[in-house]
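# Give me coordinates for this.
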Amino acid sequence: MTGKRRLLCGVSISGGIVLGHARVILPGESEMAEVAIATTRLTQETEALERAVEQTVGELRELRETAGKKMGGPVAKVFDAQLLIAGDYEFLKQVKEEIRSQKRNAAYIYDHLVKRTIEPLEQSKDYYMRQMAEDIKSVSTRVLSHLSGFDKCELKLPPNTILVGKSFAPGDILTYRQRKVVGFLVSKGGADSHMGLIARSLLLPVVLVDGAYAAVSSNNRIILDGTAGEVIINPTDEDWAEYQKRKKRHGPALVTRIRRLTRVPPVTRDGVEVGIAGNLSLSGPVDDILAEKGFPIGLYRTEFLYLLENRFPDEETQFETYRQIAEKFAGGSVVLRTFDLGYDKISDDTGWPEETNPALGWRGIRVMLDRSNIFKTQIRAILRASKFGHLKIMLPMVTDLSEVERARKLVSQVKLSLRRQKIAFDENIELGIMVEVPAVAMTAEALAPQVDFMSIGTNDLTQYTMAADRMNNKVAGLYSPYHPAVLNLIHTTVKACKRFGKPISICGEVAGDLLALPLFIGMGVDQLSMNANRIFDLCRLVKRIDSRLVRHLVAPVLAAGSESTVRQILENFRSELHRKKLQA
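Predicted coordinates for the structure are as follows:
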């Protein structure tokens, strides 16, 4: 080990743990050299530009085909946008004219015009415009690499390389994965960026840390924990050994480990079934094993269909996506959350009003009720696909019973239209809500009789209850689903659902936390829905728990005065459980 140990705390973009050596890559940071071109060589320059563009288009088509095979059509559409950018006739015409008029080399002119184009896009408050800037940069990097003779594939990357840079394009993620890169540390982007979507589909860990590329040097030994959003530079041998153990639970053996599970759903020591489900955003390599083992999908985030193309998909696009997921998981159920979008993720061309606090603004079901044409198109696609499997509809960001009543009325209108057209669908499709807003948890007694199921989104419920932005490191100490205020709201919701015989699940990050599992079983939660990398360990732990015993955890936890007290109670129980295992 060389260098001082450092811990970088950032944001998880894609979960998982990898250990390796860093390689810092900062493409496009240097200016293209400006070279005067003789009049007799101008045609050669424009022809070189055309060849570079043709090569780029060819690469993007191959990447689109690869993405389609590995992750499905919706993901492949990321590259459709880049293909349109690469072949932009008017822009290329302008580049050629500048080459001829200024008598300068193609790389310099192309780079100059690209930077001039993306500058206002990068400064835009519009998510779509910023994403477009990233796509343009991705395409231009490929074109310029061909013009300059630089090929990323010529980089020598040893096994277990973790790439460090400002950001990486979707094509980079696919290309470097094929070259056995195991993870990425970035300083730009986000969970909803194209990079983030594709990385999660491929189970590649990604962590975002501001300015990380300046804190890491190539060949540094590093540990990247995509689940916790942490990076250790120059870890100790003890760190290395500890994370090797953790990696086994989150690494490439994930599919093999899930396949070894003998019973789904798992059963407690006293014979109580505990529902375990998966959270999905986009198709990926883990889908098949979840379907094969009979795991249901407790949360399918349909808004990623919007984020992939920066526009609301039409009915047929949605229908095909929902049909495929329904058929794949025909042995179980799939909960489709309707579009959960706000100003922070939407493009300006939709007429979305600008908001200073989008987390508390016009988002989720609030938008869909006001834009009922978009909502009804989605519902129509879901209903048509419900013929092919067991689909359920879930409404996000519900605050009041009136929203549920309005949404149910719109669903009824779509059903009537389909009946008149003699289009088959599941007449008994269930309609449920997410419990993310404290107001809903506190009025769960009134809401439970009016819905078919409830699912507690602990990520947002925690941030709204604690008034702590979950993406803000400055208030990270306040953001905790283990705070007794949050747990009391969860318990209130569970009790209401039990009283009226309605299924209740949890689909936030804490659903996959081993520490919380005994408490949620004790409360009587029916189903825990989580990222696939948590499923094996939770299923294994369920078998060691006696549901009658863990009921006694609930009262002291709810009466606790602080988050630390809650954790201590649960840690004590875990220690006792471990002691009994050793004695057995």
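
# residues near the nearest residue to D314 once chain neighbours are set aside, how many?
Sequence neighbours aside, T377 is the residue nearest to D314 in space, at 7.4 Å (criterion: C-beta to C-beta, 6 or more residues apart in numbering). Heads up, the C-betas are built off the backbone N, CA and C, glycines and all. A count of neighbours around T377, defined by other C-beta atoms under 10 Å, yields 18.

# Torsion angles phi and psi at the closest residue to S167 other than its chain neighbours?
Leaving out its chain neighbours, the residue that sits closest to S167 by C-beta to C-beta, 6+ apart is K188, at 4.2 Å. The phi and psi torsions at K188 (degrees, to the nearest 10) take the values phi -140, psi 160.

# For K188, give me its contacts.
In this structure, K188 makes contact with 166-167, 208, judged by C-beta atoms under 8 Å, 6 or more residues apart in numbering.

# In those, which residue is surrounded by the most others?
Going by other C-beta under 10 Å, L208 tops the contacts of K188 with 24 neighbours.

# burial count for the residue nearest to it when sequence neighbours are not counted?
Closest residue in space to L208, ignoring its immediate chain neighbours: V11 at 4.6 Å, by C-beta to C-beta, 6+ apart. V11: 18 surrounding residues under other C-beta under 10 Å.

# quick one: pLDDT of V11?
On pLDDT, V11 comes in at 85.

# Identify the residue nearest G87 in space, chain neighbours excluded?
Nearest one to G87, counting by C-beta to C-beta, 6+ apart, is V57 at 6.0 Å.

# to the chain's geometric centre, what's the distance from whichever strand or helix holds that neighbour?
Under the criterion of DSSP states H and E, V57 resides in helix 42-71. In terms of C-alpha atoms, centre = their mean, to the nearest Å, the centre of helix 42-71 is set 28 Å apart from its chain centre.

# picking that back up, just the contacts of K188: which are in strands?
L208 (DSSP state E).

# ok, of the contacts of K188, which one's closest to V550?
Minimum distance to V550 across these is 36.2 Å, recorded for L208 (C-beta to C-beta).

# Over to the residue nearest to L208: give its phi and psi.
Dihedral angles (degrees, to the nearest 10) for V11: phi -120, psi 130.

# again with the one 10 residues further on
Listed backbone geometry of H21 is phi -120, psi 140, with angles given as degrees, to the nearest 10.

# Now do the contacts for it.
158, 160-162, 219-222.

# I382: which of those is nearest?
Nearest to I382 among those: I162, at 39.5 Å, using C-beta to C-beta.

# So that closest one, which state does it fall into?
Under DSSP: H, G, I helix; E, B strand; the rest coil, I162 falls in the strand class.

# Return the list of helices and strands in contact with the helix holding V57.
helix 73-86, helix 89-102, helix 106-123, helix 127-148, helix 170-178, helix 194-201 (3 or more C-beta pairs under 8 Å, 6 or more residues apart in numbering; DSSP states H and E).

# where in the stretch 1-150 of the chain is pLDDT low?
1-2, 27-33, 67-77, 126-128, 148-150 (pLDDT under 70).

# 50 - rerun?
1, 28-30 (pLDDT under 50).

# Please list all residues in contact with R200.
With C-beta under 8 Å, 6+ apart, R200 has these contacts: 13-15, 281-282, 284.

# Looking at those, which is nearest S140?
Using C-beta to C-beta, those come closest to S140 at I13, 23.1 Å.

# looking at this, that closest one is in a helix?
No - under three-state DSSP, I13 sits outside any helix and is assigned strand.

# picking that back up, what angle do the helix holding V57 and helix 170-178 make?
60 degrees (axes from the mean of the first three to the mean of the last three C-alpha atoms, to 10 degrees).
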